[in-house]
Each structure stands twice: as structure tokens, then as C-alpha cells.
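# build me a structure from this.
(3 chains)
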Amino acid sequence: MDSELNIGIYKKKKQQRKQLIEAGIIIAIALIFAIILPIVLPAFRLRLFGRFLALTIVALGIDLIWGYTGLLSLGHGIFFALGGYAIAMHLKLQIPEGQLPDFFTLYGVNKLPWFWQPFYSFPFTLVALVVIPGIVAGLLGYLVFRNRIKGVYFSILTQAALLVFFNFFNGQQKLINGTNGLKTDTERIFDLLVSSATVQRTFYILTVIFLVLIYLFCRWLTSGRFGRLLIAIRDDETRVRFSGYDPTGFKVLVFAISGAIAGIAGALYTVQTGIITPAIMQVAFSIEMVIWVAVGGRGTLIGAIIGTLLVRLAQTFLSERFPQVWLFFQGALFLTVVTVLPNGIVGWFKDYAWQKVQFLLGLRQPLVTYPQIEEDPAIQREREQLTRE
Amino acid sequence: MTNKILEIENLTVSFDGFKALNNLNFSMNAGELRVIIGPNGAGKTTFLDVITGKVQPTKGRVLFKGKNLKKIPEHKITRMGIGRKFQTPRVYLNLTVRENLDLVANRNKNVFPTLFGYSSSTEKRNVAGLIETIGLDAKADLLADLLSHGEKQRLEIGMLVAQSPDLLLVDEPAAGLTDEETANVGALLLSLAERHSIIAIEHDMEFVRQIAQDKVTVLHQGSVLCEGKMEQVQNDPRVIEVYLGEPPEE
Amino acid sequence: MSALIEGLFNGISIGSVLLIAALGLAIVFGLMGVINLAHGELMMLGAYSTFVVQNVFKPLGEPWFELYILFSLPVAFIVSALVGLALERGVIRFLYGRPLETLLATWGVSLILRQFVRSVNWLLVISIAVFCLFFFGGMTILKRRSNWERIRNWAITILLVISSGIAIAVGFLIDRVGQIALTKPWFSARNVDVTAPTWLRGGLKVLGFQMPYARLFIIALTIICLLGVYWFLNRSTWGLRIRAVTQNRSMSACLGIPTAKVDALTFALGSGLAGIAGCAVSLLGSVGPNTGQNYIVDTFMVVVVGGVGNLFGTVVAGLSIGIINYLIGSGTLALIFTSMEGFKPLVDFFLFFATSSMAKVMVFALIIAFLQVKPAGLFPQKGRTAEL
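Below you'll find the predicted structure:
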């Protein structure tokens, strides 16, 4: 009994040390991103990188539902765009009292549509850009999950929903300027031009902070019982029912959270891009989000971040130099990741490369097999024979 | 008022006209260990599906502790105290043995308590005790994926017990096990029967003889063919005709 | 009255386009549980094949040119079926049982096909031929080695690198020699137009409105395809095998049905039907690399509403989505209510949705509502095997 207690304490200490190391690494990387990069990179590159970081936030949201819960959403562009539009509407309203945003006059609208009204308020906007995408996602999720629609059906329905939102935003000139979208670069926030260097740097640092916070949040979600239940739902939903849980509620909640995260990302992306248009809800972009996660390794949060950065950097590089090749490359990326690297880069590293590295460094790699097998003399003999050959 | 834990009245389930269960009547007392046997396609699994809410009855009703189970979703029926073990072991392969049990042992299974709650020390102790009972202490922190078939079978029974149900439904627990493992599972079931009511569906007659202390029910073409003590059932001419066949001449 | 018939006709003709496009998808989904996101691109290939056949027939003069569309149908079918076959053998085969991954992989294929049509020229074709020569040639030679299984992964990787290297080098060399004809794209990124033969122009006048011949042709084509597929599935040996595998894959395999062949055949059939759909679509307007994308989501909805493994469901779903889409999109519904008193808000409501893109919003809402009542589609499968 005594020794068991000691083992327990030892395990706890080891776990604490691991958590400390992880926290240290996160802080270090965040500091590099937030302090060193703004000094090193030219302003427009920094703005680009800030956008990439905003995209890593959506990738975290997608990893949460796809990697952990096994729900493949092809419609995250909706929530991304909702967040973006929320902040853009607020910025558009930074004009003297009584005036309308300029595009309204083009279509002969002389009264502000009712749903623009609350976006005068900054706190409301902040809440809205999280809550509105979250509610839309939750509602869509509820309507789909309560009927036990899952798998590819869910994916297709999210894609159709995406197309519907795209059509809606595209068609409503008089409400939200249709295809042209909302431009934020020329607007003012706290009396500063949005596109000015100071504001942009602030947005960049805000993105880094949000990335860290959302990463920690997802980490918390997935590490406890809740996270284990998500994995259980992914692996065998029927069994979860017979364990006494109602998977619908869990799925709706996690989908809503994922949508809300996408909303935050969308807002951060929009202010660093300078414009939001319905084009952000194109079918292709939302599927791309999934492939970022797949490349990095689903089911690992860090993989989502790494994957997004890698793919986006490759895209910038390739499409700047060989615009024709990019689509071929992207297509090939989809194919190879799915067939050759189903667990992504991080998964591959965990399963295979890490052991190799340890082996090369001369550290004994821990073998994950039955404890009994290790002690079985017959197995030992066979091993020796095999190594001799 | 008798002490019936489960009563089934005139139950019919039809899929597109095919009657998987046909006007079935069944009842059992609390604390009983009932074995159900029957040839393939007799409706044994559908029988369990109806009790657990996976399939809705076309006609008739199912009463558990006097409550009608109609239109109650699976998870609520489970929470009412009916636990089910599937034919093939279904455990969460990407979770460790301990995590598997911890998930099931969770007292409050609503969304937010699960999100914010932590395993209490009682729960932890329960889980540790269960791991010992099912004999997987050495592998408590291994992924369930790495367990052998028999170990998964034991883990799943452990998960059932962790739910602390009143009625256990066990679907062919001896399928695919070695003789020794079968005997183990049988002993486990018998020890569980001391504190739970159990319905066991089984094909292996050897195993049935081991565990059938109370009544045995024979299903045939969706209805109850006969019911009684093992010896009675074994010698019933109808049962011999449709299911057991003539005993081999010694 | 005539407005209603006109609405019905237009709805049916939209529905028949949807139906012919969804038919192949529904068969493949029913059999393999695979949603092929490249289905739209297979349609696009069918449309481009029609365009090529048309250009071949143009110099032949009058009597032949009139009939080109009849020749283009089998060509479109075969081209799409072959591409589909290559897709199944090359990619999807490895992903059975992982439907979500298949979704992503087929999306990758769809991206490649779209860019391929944009930039295809002789240079690219030659490079691909060189690549195939070296890659598959090398594979055949290496496969004879006794230790093939052991070196398999490495061999494929190395071959892949070497052959693509050679292919790119050859491409560069030819590019250097500088033959303009070789580097000129065949289609370019712009849309191409298929001119319908004269007997498909104009229309039939019935009750004071025109039924365009092209639309009638598509409806007829859809009916023929449906009957053909129905006959194939219900009367032929391979059809029987396909139905057997649809119902119980492992049992069929045990009974000696070559499931791999059945999969390949079904996928080719589904893809071929996409080719025919593409041919039909090319009669309705110009064709571009993104043509397939316009249809893909709608056809998915047909499959979702229709349910799995039941052609009749697909037919009903396709036609009703088509008709509802038209009635809302054209403003016919709004028109009907205008004539009645006291329906002002309802008229406004329908007018709001009375464009073809807003109609899709409404139809989607209706589909979601429908799925609340019938989550498994119009004709769900029942029984113990229906849900795992």
C-alpha cells in the first residue's frame, strides 16, 4: 500500500513536470511570435503572418470537432465569416452620428437596417463575434445531430449550409453590400486608421494572445473526462449511448464551441486582411481548413497549428512563383496526406520518427506492448534469433 | 404487486412486414439470472434491442420496474438501470482501461457536469476496485486497443458493473473465448448474479449449463417456445426439434 | 393554368438535370458509402468531351454535324468512366471504410482535374506519358524481384521521385526547343461553348408557351438513363452482384462475388453517368473548369433526401427539389399569392426568395426541416443491419 502511494505521488510529480515544460515551451514560442517577429519581419510580411496565425485558430476549432469528435465539417467558412462580418460592421459604423456607411447610398438605402443597430456598441460586437457563430453552429448542429445524422451526411449538409450562406450574403446588396463585401482598412478604431502600422501590430499581438488562450482552452477541454468522452463518441457513438450519455448534447456543445472559435479567428483575420467578402465562404476555402489539420495531424492540437502554418507558407511561396502549380500541389497534398500520412506530420513523428530519434541517440525506446509479452521467455528467444540474422 | 423487474406484454417488432418478434410475452423477477437460448434468427438480439430502446416496438409494451419504456431514448434507459453488453466486445479502443471505466463510472452524465466535474475519490476507488476484480491491474494504463479478446470481454463486463445497473443484459458473453476464459466469465457472471438481475443470451450449451441456476427461456421465430428449469427445457420435445437436436448416442 | 404547367415543365427539366447528375452519385454512395466530391469534375470532363467531339465533327459538314451529339454521348460516357476507374483503382480502393478521408481525397482529385483542364497542353500530356512510362514500367520490373514486399514502400517512393524528375526534365527540354503549338493550352481557363445542332434549337409550342427542344432532349435522356440503369441493376448478372454487395458486402465476398471488381465496375458506371450528365449540361450553357462545382452541392442534396440504396427515392427527390426550386426561384409562388387578398406578408416573403440563388436558401431550409421528420431519407432501409 505504501509503495503504491509513492508511485502515485511519483506519477503526479512527473505529470506536473511535464505540464511545466509544456507551459514553458508555449510561453517561449508565444514570446518569439509576439516580440521578436515584429522586429525582424517587414510590416507587410508580419501582417501576412498574423493572418496565418488567425487561421491556426480556426484549425484548432476544426481539430476539436474532427480530430477528437470525428465530425468532419466542410462549412466552417460560415462561422469564420460571421465573426469577420461582425467586426467589419462595427468598424463600418465608426462614422459621425446620423451618417450611413457609404455603400448604402449606392443602393438607395437611407435607413440603417435593424440588425446593424447594436453593432454601434463595441462590447456588443465583441460578444457577438463569439456568440453569433456559436449559436448558428449550435443550432445547425442540434438540427442535424438530434436525428442521429452523422458521417458523410453531416459533412455534406455543412457544405450545403455553407453554399446557402454564401448565396445569402452574396445576394443581399441592400443589407450587407453583397459581393463587394465590407472594407475595414479605411475605417477607424479608437480614432486610429485600421490599416496603420500601430493598429496592425496591436492586432498581430492580439492574435498571438488569442492563439495561446484558445490553445490552452482546447487543451483543457480535451485533457479531462470531457475530452475522453469526445474520443469515445468518435470511436463508437452507439456504445456511448449505452453507457448512459447522450451524445447529441456533447456534439452540439463541441460544434458550437468550434464555431465560436472560428468566429474569433474570422474577426482577427478580417481586420488584418482589410476586407471581408462572401468569397471567404467559398466551398474550397472551408475544405482547405480541414487539410491544414490533416497535414499537421488530427487529434493533436499542436499538429493543427503546425499544419496550418506549413500549408499556408507553402501556398504563399508556390503561388507567388508558380501560380499554375499551386492547385496541382494542393490536390496532391490532399491525396498524399490521406493515403500516406493519415495521422499527419505530428502523428507520424509520434508513432515512428520519435522512436527512431531516441534509438539513434542511444536512448532505449519504450516498447508499447503487453507487459506479459516482454517477460515471456519464448518471445525473448525469438527476438534474439531475429536480431542475430 | 409482485417483485417483477421486467415485464413484456404482447411485444411485436416488424421490419417492413417481417416480424422479428411476434406477440412475445415475458417476465422475470428481481434478482433472477435468466438464460435465453434459441436458434439463429429467433429474435434474441432484437429482444435486447427493444429492451434497451434501440428499436421501438411495433405493438405491445416493455415495463421495467413497472415503468413503460416506450419512446425513452437509450441513454435514459441506461441511466434507469439497464446495462447492456454487446456480442462483440465494444470498448473504447483509444482510451486506457482506467479511462474506459472512469467514463462509465461517472455519476452525473449530463454535458456540463461532465465538462466541469472531476472524478471524486469514491469514483476513483470504485474504478481501482473494479480493475482488480476483472484482473487487469497490470494493464490499467494500457490502451484498450492492446488488450486481447478475452481481456476486452472482461473489461466490458467491468464497464457494465461500473454503471451499477439493476438489470444486466449480456449478449453471448462466451463467444470467441477459450474454454478457460469461458469458465472465468461464467464464474464472473455467477458472482454478479448475487447482486444483480441478469439476462444472458447464449449459444454455447455447455456454458448455459454452467450458469443456468434459475429459469431458461427458449425463443423461436420471435415468440417464447417454452420456459422452465434447464432439465425441463432440455427434455422438451419441441425444443429438441427446433434447436437442440437429438442428444448424441453414447 | 398555363403558368402552372410552365412552372411544372421547367421544374421537371431542372429536376431531370439534377437527377441525371445525381444518379451516378447515388449508385456509388449506395454501394460503397463513398461520396465522390470529384463527381462534378467528371461531369465537367463529359462536357469537355462533347466540346471536342463537336469540333471534330464541324469540318465534316452538314449531315454529320447534326448528329454529333449522339456520338458525343458514348464518348463522354467512356472518358468519364475511364477517369473514374483510374480514380477508384488508384485512390479510393485504399480508403474503404474511411468515408471522411475519401471525401478529402476526392476533393484533391477534383482540384487536380480542374487545374488540368485549365492548363492541359501537349507538353503536359507528354510529361505525364513519360512519367507513367517510367513509373509503371519500373514497378513492373521491380515487382518481379522476390523481395518486392519488403522493398515496396521504398521502391515506390524512389520511383516516384525519379520518374517525376525525368518527366519534369523532359518537359523543360521540350519547352526550351520552343514549339508554340506544344505549349498552347487546349481549352484555356475561359469557358467554351457547345452549339446545339439545329434540331435541338427552338421549341415545341404547347398551350401558348415554348418547351425548348434541348430541355425535352435532356428529359428524354434522363428517362433513358434511368431505364438503362434500372435494367442493368435488375436484369443483368453484374447488376445482381452489385445489388448483393450493396446489401451485404462481407456475405457477398464469402459467396465468391469479386467485390473489388464490383466496386470498380460500379464506380466506372457512376462516373460514366456523370459524363452523360456533363454532355446534357453542355447544351444548357457554356462550359468551364468550374462547371461541375455549380451542380455538386445540389446533387448531394438529392442523394441525402432520396436515401441510400433506392433509385426510386433518388428520382422522387431529384424531381421534387427541381420543381420546388423553380417554383420559389422564379417567383411563381409569389405570383400565385398575389392574386389572393390578404396575403401581403406571404407575397413579400416569397418575393424575398425569388431569385435562383435565394431559392437555394429556402430549399436548404426545407431539406433540413424534412430531415427532422425522415432523417434517413425518403425510403430508409430498415432492420438490424440498417444501423451499426
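# residue boundaries of the strands in chain B?
Using DSSP state E, the strands of chain B run over residues B:4-15, B:18-29, B:33-37, B:59-64, B:67-68, B:82-85, B:167-171, B:197-201, B:215-220, B:223-229.
# mind putting those into a markdown table with mean pLDDT and distance to chain C?
(Each C-beta comes from the backbone N, C-alpha and C, glycine too.) Formatted as a markdown table, the strands of chain B follow (pLDDT from 0 to 100; distance: least, C-beta to the nearest C-beta, whole Å):
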| stretch | mean pLDDT | distance to chain C |
| --- | --- | --- |
| strand B:4-15 | 83 | 4 |
| strand B:18-29 | 83 | 8 |
| strand B:33-37 | 86 | 17 |
| strand B:59-64 | 85 | 16 |
| strand B:67-68 | 83 | 23 |
| strand B:82-85 | 86 | 15 |
| strand B:167-171 | 86 | 13 |
| strand B:197-201 | 87 | 14 |
| strand B:215-220 | 84 | 15 |
| strand B:223-229 | 82 | 18 |
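# what's the most buried one of the ones you listed?
By mean neighbour count, with neighbours taken as mean count of other C-beta atoms under 10 Å in any protein chain shown, strand B:82-85 ranks first of those at a mean of 26.
# do it and chain A meet?
Yes - between strand B:82-85 and chain A, judged by C-beta under 8 Å from any C-beta of the partner chain, the touching residues are B:Gly83, B:Arg84.
# before we move on, the earlier item: closest to C:Leu273 out of the strands of chain B?
For those, proximity to C:Leu273 was assessed by C-beta to C-beta; strand B:4-15 is nearest, at 31.0 Å.
# returning to that earlier point: distance to A:Ser286 added to the strands of chain B, as a markdown table?
What follows is the strands of chain B, written out as a markdown table (distance: least, C-beta to C-beta, whole Å):
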| stretch | distance to A:Ser286 |
| --- | --- |
| strand B:4-15 | 38 |
| strand B:18-29 | 42 |
| strand B:33-37 | 50 |
| strand B:59-64 | 45 |
| strand B:67-68 | 45 |
| strand B:82-85 | 39 |
| strand B:167-171 | 42 |
| strand B:197-201 | 46 |
| strand B:215-220 | 51 |
| strand B:223-229 | 53 |
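# for A:Gly249, which of the ones you listed is the nearest?
Closest of the strands of chain B to A:Gly249 is strand B:82-85, at 20.4 Å (criterion: C-beta to C-beta).
# what packs against the closest one?
Packing contacts for strand B:82-85, counted by 3 or more C-beta pairs under 8 Å, 6 or more residues apart in numbering or on different chains; DSSP states H and E, involve helix B:44-52, helix B:149-162, strand B:167-171.
# could you give me the average pLDDT of stretch B:125-139?
For stretch B:125-139, mean pLDDT rounds to 83.
# circling back: quick one: closest of the helices and strands packed on strand B:82-85 to A:Arg239.
Using C-beta to C-beta, those put helix B:149-162 closest to A:Arg239, at 9.1 Å.
# just the CA coordinates of the closest one, formatted as PDB?
The C-alpha atoms that make up helix B:149-162 are tabulated as PDB, following Å, rounded to 0.1, in the frame of the first residue of the first chain:
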ATOM      1  CA  HIS B 149     -10.200 -10.500 -27.000                       C
ATOM      2  CA  GLY B 150     -10.800 -12.100 -23.600                       C
ATOM      3  CA  GLU B 151      -9.400  -9.200 -21.800                       C
ATOM      4  CA  LYS B 152     -11.700  -6.800 -23.700                       C
ATOM      5  CA  GLN B 153     -14.600  -9.100 -22.800                       C
ATOM      6  CA  ARG B 154     -13.700  -8.800 -19.200                       C
ATOM      7  CA  LEU B 155     -13.200  -5.000 -19.400                       C
ATOM      8  CA  GLU B 156     -16.600  -4.600 -21.000                       C
ATOM      9  CA  ILE B 157     -18.300  -6.600 -18.200                       C
ATOM     10  CA  GLY B 158     -16.400  -4.400 -15.800                       C
ATOM     11  CA  MET B 159     -17.800  -1.300 -17.500                       C
ATOM     12  CA  LEU B 160     -21.200  -2.800 -17.100                       C
ATOM     13  CA  VAL B 161     -20.800  -3.200 -13.400                       C
ATOM     14  CA  ALA B 162     -19.400   0.300 -13.100                       C
END
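# sorry, back to before: could I get the helices and strands packed on strand B:82-85 as a markdown table with distance to C:Leu173?
Formatted as a markdown table, these follow (distance: least, C-beta to C-beta, whole Å):
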| stretch | distance to C:Leu173 |
| --- | --- |
| helix B:44-52 | 67 |
| helix B:149-162 | 60 |
| strand B:167-171 | 68 |
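# is the closest residue to chain C within chain A part of a helix or strand, or is it coil?
Relative to chain C, the nearest point of chain A is A:Phe334 (2.6 Å; C-beta to the nearest C-beta). Recorded secondary structure, A:Phe334: helix (DSSP: H, G, I helix; E, B strand; the rest coil).
# contacting residues for it?
Contact partners of A:Phe334, counting by C-beta atoms under 8 Å, 6 or more residues apart in numbering or on different chains, are A:Ile291, C:Leu104, C:Ala105, C:Trp107, C:Gly108, C:Val109, C:Leu111.
# surely the fourth one and C:Ala38 touch.
Spelled out, that is C:Trp107. Yes - under the criterion of C-beta atoms under 8 Å, C:Trp107 lies in contact with C:Ala38, with a separation of 7.4 Å.
# what about these two, which has more around it?
Neighbours of C:Trp107 and C:Ala38, each counted by other C-beta atoms under 10 Å in any protein chain shown, are more numerous for C:Ala38; the result is 29 against 26.
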